[in-house]
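A.B. asks: Structure of the sequence below:
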Amino acid sequence: MPSSVLQGELSLVWQDIFTWLSWAIVVVMLLIAWRMGRQQKTAFYVIAVLAAGVGAYIEPLYDVAFDLWFYDVHNGESGAMYSHFTAFGIVQPIWTHSGYMILYASACLYAGRMMYEGRMTAPLLFTIWLAEIAVSCVFEGIGTATNVYTYYGPYVLRLWNYPLVIGVLEGTQVILYTTLAVQFWRRTTSNYGLLGLFAIFPITMMGANCGLGAPIIVALHLSEAEFSTGFVWISTFLTIGLCAIAVYGASLFTPKPLQAQSSLTT
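C.D. replies: Got it, this is the predicted structure:
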């Protein structure tokens, strides 16, 4: 890791913005999820959001794989960084949990019911994918441009310091998590059963990022003698291509309309 990254100074102003604004958004999301669940008599929405929040404990593994570093404070201010644990030498800010809920679970709220009823189409799913990529680029582009954190690896195709391939992977994770979560919802007969979403989230999180993202992860971490910028370019496009294939696969895996499903089972 470059010494300039290790010595990077956390912006306390932007830390406050990321922390308090993101958690305020999460409170609104949970209120919306609770209201939707009450109207539809299901705990799916609330549990889907909470599962993403708990899943943020995976973040240190992600940080190591994708060369992400959260800036700390070096000016002697005690407790200046809002952190709750450190793993692999990387201090984890508490807003990672709120960030996960916003980035990864919001589609369950605005597209979950449509998918559950079998009204999701492939073009719409790809539109959601592109929209989620755009949101990821905006959210993380701000974070990486304001001394909150950085992706320090030798990435290509950066947008305002933010690697585009990361946004594509995150958008893909949203699609995979939402699709699998809704399929699980369709097959679960009780709200207690929906607690299985706490297991589904890390499966899709690591599957999307470390599975589909394997080419770029390997390319970033080759030995100095074997490293090649050209290989990083190839791996970047390969990863993006794998993500597009995964989203296409998810479009084939979305639930059928409830009426059609009923006729198939009778």
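
A.B. asks: now the helices: where do they sit in the stretch 151-266 of the chain?
C.D. replies: For the stretch 151-266 of the chain, applying DSSP state H, counting those that start in this stretch gives helices covering 164-187, 197-206, 214-220, 229-253, 258-265.

A.B. asks: Give me whichever of those helices is most buried.
C.D. replies: Most buried of the helices of the stretch 151-266 of the chain, by mean neighbour count (mean count of other C-beta atoms under 10 Å): helix 164-187, with a mean of 23. C-beta coordinates here come from the backbone N, C-alpha and C atoms, glycine included.

A.B. asks: Which elements pack onto it?
C.D. replies: Other helices and strands packing on helix 164-187, by 3 or more C-beta pairs under 8 Å, 6 or more residues apart in numbering; DSSP states H and E, are helix 44-55, helix 95-110, helix 112-116, helix 122-145, helix 197-206, helix 229-253.

A.B. asks: I'd like a version of these in a markdown table, one that adds distance to Y152 and mean pLDDT as further columns.
C.D. replies: A markdown table is the format used below for these (distance: least, C-beta to C-beta, whole Å; pLDDT from 0 to 100):
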| stretch | distance to Y152 | mean pLDDT |
| --- | --- | --- |
| helix 44-55 | 24 | 98 |
| helix 95-110 | 17 | 98 |
| helix 112-116 | 35 | 97 |
| helix 122-145 | 10 | 96 |
| helix 197-206 | 21 | 97 |
| helix 229-253 | 14 | 97 |
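
A.B. asks: export those to JSON lines and tack on distance to T19?
C.D. replies: Putting the helices and strands packed on helix 164-187 into JSON lines (distance: least, C-beta to C-beta, whole Å) gives the following:
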{"stretch": "helix 44-55", "distance to T19": "14"}
{"stretch": "helix 95-110", "distance to T19": "5"}
{"stretch": "helix 112-116", "distance to T19": "27"}
{"stretch": "helix 122-145", "distance to T19": "12"}
{"stretch": "helix 197-206", "distance to T19": "22"}
{"stretch": "helix 229-253", "distance to T19": "30"}
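
A.B. asks: And for stretch 206-225, what's in contact with it?
C.D. replies: If you take C-beta atoms under 8 Å, 6 or more residues apart in numbering as the criterion, stretch 206-225 is touched by 58, 61-62, 65-67, 153-155, 165, 169-170, 172-173, 176-177, 228, 231-232, 234-236, 238-239, 242-243, 246.

A.B. asks: ah, wrong one, I meant stretch 85-102
C.D. replies: Stretch 85-102 has contacts (C-beta under 8 Å, 6+ apart) with 15, 18-19, 22-23, 25-26, 29, 49-50, 52-56, 59-60, 63-64, 68-70, 72, 81-84, 139.

A.B. asks: Out of the residues you listed, which end up buried?
C.D. replies: With burial judged by 16 or more other C-beta atoms under 10 Å, the buried subset of those is 15, 18-19, 22-23, 26, 29, 49-50, 52-53, 55-56, 59-60, 63, 68-70, 72, 81-83, 139.

A.B. asks: how many neighbours does the spatially closest residue to S83 that is not a sequence neighbour have?
C.D. replies: Distances taken as C-beta to C-beta, 6 or more residues apart in numbering place V91 nearest to S83, at 4.9 Å, with adjacent residues excluded. Neighbourhood size, V91 [other C-beta atoms under 10 Å]: 18.

A.B. asks: who does the strand or helix carrying V91 pair up with?
C.D. replies: Taking DSSP states H and E as the criterion, V91 maps to strand 90-93. Looking at strand 90-93 with DSSP bridges, its partner strands are strand 83-87 (antiparallel).

A.B. asks: Run the angle between the strand it pairs with and helix 95-110 for me.
C.D. replies: Per axes from the mean of the first three to the mean of the last three C-alpha atoms, to 10 degrees, the angle that strand 83-87 makes with helix 95-110 is 100 degrees.
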